[in-house]
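A.B. asks: Give me a 3D structure for the following:
(chains A and B)
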Protein chains: 2
Amino acid sequence: MRVLVLGSGQLARMMALDAMPLNIEVQAFDVRSDQIVDPLSQQVLGEGLSQALRDADVVTAEFEHIPAAVLELCEQSGKFLPGQDAIQAGGDRRLEKALLQQAGVASAHFHLVQSKADLEAAVAKLGLPLVLKSALEGYDGKGQWRLKQMEQLDAVWAEVAQFLKQASKKAKQGIVAEQFIPFDYEVSLVGARGKDGSTVFYPLTENHHVNGVLSVSLARSEHPLQAQAEQMFQAIADKLNYVGVLAIEFFVVGEQLLVNELAPRVHNSGHWTQQGADTSQFANHIRAVCGLPLGATTVLRPTLMVNILGLDQLPDALLAIAGLHVHWYGKTARPGRKMGHINLSADTTEQLAKRFAQLMALLPAEDFPELELLLTKI
Amino acid sequence: MRVLVLGSGQLARMMALDAMPLNIEVQAFDVRSDQIVDPLSQQVLGEGLSQALRDADVVTAEFEHIPAAVLELCEQSGKFLPGQDAIQAGGDRRLEKALLQQAGVASAHFHLVQSKADLEAAVAKLGLPLVLKSALEGYDGKGQWRLKQMEQLDAVWAEVAQFLKQASKKAKQGIVAEQFIPFDYEVSLVGARGKDGSTVFYPLTENHHVNGVLSVSLARSEHPLQAQAEQMFQAIADKLNYVGVLAIEFFVVGEQLLVNELAPRVHNSGHWTQQGADTSQFANHIRAVCGLPLGATTVLRPTLMVNILGLDQLPDALLAIAGLHVHWYGKTARPGRKMGHINLSADTTEQLAKRFAQLMALLPAEDFPELELLLTKI
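C.D. replies: Numbering: from 1, shown residues only, chains lettered A, B, ... in the order given. The predicted structure is shown next:
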């Protein structure tokens, strides 16, 4: 069995690593270069989407910002899971919002903005402060603006208008204005839905972002809002007849969850499952899209994940910490680039806090900001 | 960092899978074809040992039956770990016995046999029954004879003499006659020794063989003979200044362990560590030979391993059993060939026994003989 993954980054790589023991081969399709590559060695295996689709039994994706023509060809192959609708909903905030409304799932109130008049209407409808988010290509905090006071409206609109003008050449870019949510913290639910409609869920993960980029995810075995999150997942996944791993990021506001965004794929906040759960999110995505039974999501041990950004080396002494596993992505370092992650597990949360303190003492503080904030939360 | 593994089978493959997250590349050298191959894709990357050695930072092995000329070149490279002496001791029962004697470690009394007169001397010295084992190329029960009564001596010697005559052309084959050990059962210890002399140990694994081939390994967290086994490991590993994973198979006779044989490498009876331990044996071998800190060997859950012999497919329904993970090796099926293994974990031994019963019900009984014997032991 061969699975083609759109995208040849770390998510394809980690899926390939977990697919291999199942005798399932993963090939990656680099959408920009039009090349078929081995996601483990990055070796070029061939060229062109048509050949890649022909040679694959199943097609899936590691990201959602995929040109419409590529998505259409994949959909036509009849092998694409979770499919065009799901990927597009993940890649366009307008479609995402429409999906959430159809599924009856709570998220921040919003208004679509293409003009200054739209923005004024958004303020009138939603009040202030507002968060403006680009409909397309928005990830890791990019393409976002805040409008706190009416006096800022002209200045913010000038920036947004400039952004829309630059973007409009290639795709139908737009802005979703959202009511600002004064959330307590952020969590995400990673789950998988099989071809038979069965679902499995990992526990809600608490996520800490720095400058809009995920820094740490912490998996607890029990979270009071787990059932609410699973119901929302079910509603969305059933609406899409979704197959594969789906990640949902939520704002926690008191006892209520509001969907922040969807990722129709394996997700950074699920990397902890490699060490912390019976079956990893990568293995479960492969199982799901290949029509195999989903694996148990039982938590083995309290586990947290720390992203490694912009660095291609860390002190070897890290590996002497029990329960610590580094996952490098084999990429060339660039400032801020996701280069790898650290999974840290322990038998108890107390032990995890101790090990996290050991870890912090060995990491260069300037490259891992705000980690100390986490220590109090474990 | 690049590690060259002598041998391109499943052990090299599983080391490569666990090395990749550490940004360590594993290449394999196929001793028979003289080719350098990617152990994951089996793609040919180059030719010749000299080039392979030049391009590697570290050289290690996945098997011990390696031509002397190859071993010598590896040793001369100055990159070979655990090194020529260790590999040869694992590949020649005469050297193994000499090593065990030097290390003061108990094993069956023995006598070297090259002639019928030697065999008669062995009987006089050791009594009956005797087990005759080929000094070279003996594994998975091949090249073994039993001598139970004096009347069989001529017939057994005829077979052994024929074997020696056929073998003598290529290597200095010989026979080690061993006192038959009426053992209670077999266990093995897998451990790792680092460049700094530090050691880590997995718990003793109980092994069940069928026709001389490992069928099932069962890892318990506590075994009363663990300390004895670790002392014997230390004595042997220190003698060799060993670096890497070393596996020792023991006969259990009452309260005493007798070494059956050594494997200077990752070992089939350690495959359960992929799911059952904090760090797998594969990751720990890579860490050791690369001079990295060894990983914790903490047992996460009671885990057993079942070998898959001669089959390249099993019912998908297996994957619906919680705690079950299949590891295929991507090989072409031949009768009796090791094709993959199943790791089965559970929170408790009672739950493990239940899951094992579920597993047995799904496996074709003729391909997995004697499994039911295990059920009573879990």
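
A.B. asks: got the contact list for the closest residue in space to A:Ala135 that isn't next to it in sequence?
C.D. replies: Nearest residue to A:Ala135 in three dimensions, chain neighbours excluded: A:Gly174, at 4.2 Å (Cβ to Cβ, 6 or more residues apart in numbering or on different chains). Every residue, glycine included, has its C-beta placed from N, CA and C. Residues near A:Gly174 by Cβ atoms under 8 Å, 6 or more residues apart in numbering or on different chains: A:94, A:112-114, A:134-136, A:164.

A.B. asks: What subset of these is buried?
C.D. replies: A:94, A:112-113, A:134-136, A:164 (16 or more other Cβ atoms under 10 Å in any protein chain shown).

A.B. asks: What about those residues, which are in strands?
C.D. replies: Counting by DSSP state E, those place A:112-113, A:134 in strands.

A.B. asks: Just name the closest of those to chain B, please.
C.D. replies: A:Ser134 (33.3 Å; Cβ to the nearest Cβ).

A.B. asks: Quick check: which element contains A:Glu230?
C.D. replies: A:Glu230 belongs to helix A:226-240 when elements are defined using DSSP states H and E.

A.B. asks: Contacts made by that helix with the rest, please.
C.D. replies: A:82-83, A:85-86, A:89, A:99-100, A:102-106, A:187, A:189, A:191, A:193, A:197, A:199, A:201, A:203-204, A:223, A:242, A:246, A:248, A:250, A:256-257, A:259, A:262.

A.B. asks: And stretch A:26-35, by the same measure?
C.D. replies: Contacts of stretch A:26-35 (Cβ under 8 Å, 6+ apart): A:2-8, A:12, A:15-16, A:19-20, A:36-39, A:44-49, A:52, A:55-56, A:62, A:66-67, A:70, A:286.

A.B. asks: Let's see that with 6 Å instead.
C.D. replies: Residues from elsewhere that reach stretch A:26-35 (Cβ atoms under 6 Å, 6 or more residues apart in numbering or on different chains): A:3-6, A:8, A:12, A:15-16, A:19, A:36-37, A:39, A:44, A:47, A:52, A:66, A:70.

A.B. asks: A:Gly46: what secondary structure?
C.D. replies: strand (DSSP: H, G, I helix; E, B strand; the rest coil).

A.B. asks: The helix or strand encompassing A:Val200 pairs with which strands, and in what direction?
C.D. replies: Here A:Val200 sits within strand A:199-201, counting by DSSP H and E. According to DSSP bridges, strand A:199-201 forms sheet pairs with strand A:185-193 (antiparallel).

A.B. asks: Next, the angle helix A:226-240 makes with the strand it pairs with.
C.D. replies: 50 degrees (axes from the mean of the first three to the mean of the last three Cα atoms, to 10 degrees).

A.B. asks: Residues touching strand A:185-193, excluding its own?
C.D. replies: A:199-202, A:204-207, A:229, A:233, A:237, A:242, A:245, A:247-250, A:252, A:267, A:269-270, A:281, A:284, A:288, A:294.

A.B. asks: hmm, who's touching stretch A:246-265?
C.D. replies: Here stretch A:246-265 makes contact (Cβ under 6 Å, 6+ apart) with A:61-62, A:64, A:82, A:86-87, A:90, A:96, A:100, A:105-108, A:181, A:183-185, A:187-190, A:225, A:228-229, A:233, A:237, A:267.

A.B. asks: Export only the CA atoms of that stretch, formatted as CSV.
C.D. replies: The C-alpha trace of stretch A:246-265 is given here as CSV (Å, rounded to 0.1, in the frame of the first residue of the first chain):
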residue,chain,number,x,y,z
LEU,A,246,-8.5,16.2,12.6
ALA,A,247,-7.2,18.8,15.0
ILE,A,248,-9.4,21.5,16.5
GLU,A,249,-8.0,24.5,18.4
PHE,A,250,-10.3,26.0,21.1
PHE,A,251,-10.4,29.1,23.2
VAL,A,252,-11.4,28.2,26.8
VAL,A,253,-13.8,30.8,28.2
GLY,A,254,-14.9,29.7,31.6
GLU,A,255,-16.8,26.4,31.1
GLN,A,256,-17.2,27.0,27.4
LEU,A,257,-15.2,26.1,24.4
LEU,A,258,-15.1,28.2,21.2
VAL,A,259,-13.5,26.9,18.1
ASN,A,260,-10.5,29.0,17.1
GLU,A,261,-9.5,27.0,14.1
LEU,A,262,-9.4,23.6,12.4
ALA,A,263,-6.5,21.7,11.0
PRO,A,264,-7.6,18.9,8.7
ARG,A,265,-4.4,16.9,9.4
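
A.B. asks: Mind listing what's buried along it?
C.D. replies: A:246-252, A:257-265.

A.B. asks: Assign a three-state SS to the residue lying closest to A:Ala28 once chain neighbours are set aside, would you?
C.D. replies: Distance criterion Cβ to Cβ, 6+ apart; nearest residue to A:Ala28, sequence neighbours excluded, is A:Ser8 at 3.6 Å. Using three-state DSSP, the secondary structure recorded for A:Ser8 is coil.

A.B. asks: can you tell me which residues contact A:Ser8?
C.D. replies: A:28, A:30, A:37, A:39.

A.B. asks: If any of the contacts of helix A:226-240 are buried, put those into a PyMOL selection.
C.D. replies: Only the buried members of these end up in this PyMOL selection, burial being decided by 16+ other Cβ under 10 Å:
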select buried, chain A and resi 82+83+85+86+89+99+100+103+105+106+187+189+191+193+199+201+203+204+223+242+246+248+250+257+259+262
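
A.B. asks: leaving aside the residues next to it on the chain, what's closest to the closest residue to chain B within the stretch 101-250 of chain A?
C.D. replies: Nearest residue of the stretch 101-250 of chain A to chain B, counting by Cβ to the nearest Cβ: A:Ser198, 9.6 Å away. Excluding the flanking residues, the one nearest A:Ser198 by Cβ to Cβ, 6+ apart is A:Leu294, at 6.3 Å.

A.B. asks: So the one you found is in contact with A:Asp196, correct?
C.D. replies: No: the criterion here is Cβ atoms under 6 Å, and A:Leu294 misses it with A:Asp196 at 9.2 Å.

A.B. asks: the more surrounded of these two?
C.D. replies: Shown here are A:Leu294 and A:Asp196; by other Cβ atoms under 10 Å in any protein chain shown, A:Leu294 has more neighbours (23 against 11).

A.B. asks: Next, the more buried one: secondary structure please.
C.D. replies: Quick answer, by three-state DSSP: A:Leu294 is coil.

A.B. asks: Let me see the contact set for it.
C.D. replies: So, once contact is read as Cβ under 6 Å, 6+ apart, A:Leu294 ends up touching A:192, A:194, A:200, A:284, A:287.

A.B. asks: which residues touch the last one?
C.D. replies: When you say that, I think you mean A:Arg287. A:Leu294.

A.B. asks: what angle separates the strand or helix carrying it from strand A:185-193?
C.D. replies: Following DSSP H and E, one finds A:Arg287 within helix A:281-289. Interaxial angle, helix A:281-289 versus strand A:185-193 (the same axes, to 10 degrees): 40 degrees.

A.B. asks: Give the partner strands of the helix or strand that helix A:281-289 is followed by in its sheet and their orientations.
C.D. replies: Sequence-wise, the next helix or strand downstream of helix A:281-289 (DSSP H and E) is strand A:303-309. Strand A:303-309 sits in its sheet next to strand A:213-219 (antiparallel), strand A:338-345 (antiparallel), going by DSSP bridges.

A.B. asks: Apart from its chain neighbours, what residue comes closest to A:Asp316?
C.D. replies: B:Leu292 (5.5 Å).

A.B. asks: Correct me if wrong: A:Ala61 contacts A:Leu6.
C.D. replies: Yes: assessed by Cβ under 6 Å, A:Ala61 is found in contact with A:Leu6 at 4.0 Å.

A.B. asks: higher neighbour count, those two?
C.D. replies: Shown here are A:Ala61 and A:Leu6; by other Cβ under 10 Å, A:Ala61 has more neighbours (31 against 24).

A.B. asks: What backbone torsions are found at that one?
C.D. replies: phi -140, psi 150 (degrees, to the nearest 10).

A.B. asks: Distance check, it against chain B.
C.D. replies: To chain B, A:Ala61 is 22 Å away according to Cβ to the nearest Cβ, to the nearest Å.
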